[in-house]
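Chemist: coords below, sequence missing:
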């Protein structure tokens, strides 16, 4: 096994789990936007003011954004090779 050809290197790089910085920023932005919608509905149902319980709002938004971004990264890897 010698050196890889250019085509083989491109093929191998497509299977790497790493993402670009732009891709990561886009994932996190989408996750934040998507995670804020359920929080807005939570506010509408429970009438929980942001000023009174801001720590709950921030923890919920950050946690859901993180989990959504991880799910998107995993799904991107699956869709990339179909």
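Modeler: Everything's here; your move. Computed from a predicted structure; not experimentally measured.

Chemist: the residue most central in space within the chain sits in which helix or strand?
Modeler: Central residue check for the chain by C-alpha atoms, centre = their mean: the C-alpha nearest the mean position is that of residue 69, 1.6 Å away. Secondary structure from DSSP states H and E places residue 69 in helix 54-80.

Chemist: poorly predicted segments of this protein, please.
Modeler: 1-2, 14-19, 74-82 (pLDDT under 70).

Chemist: roughly how far does the closest residue to residue 43 other than its chain neighbours sit from residue 23?
Modeler: The spatially closest residue to residue 43, leaving aside those adjacent along the chain, is residue 50, at 7.4 Å (C-beta to C-beta, 6 or more residues apart in numbering). Where you see a C-beta, it was placed from the backbone N, CA and C, and this is true even at glycine. Counting by C-beta to C-beta, to the nearest Å, the gap from residue 50 to residue 23 is 31 Å.

Chemist: just give me the neighbour total for the residue nearest to the residue nearest to the centre of the chain when sequence neighbours are not counted.
Modeler: Residue nearest to residue 69 in three dimensions, not counting chain neighbours: residue 31, with 4.0 Å by C-beta to C-beta, 6+ apart. By other C-beta atoms under 10 Å, 22 other residues sit near residue 31.
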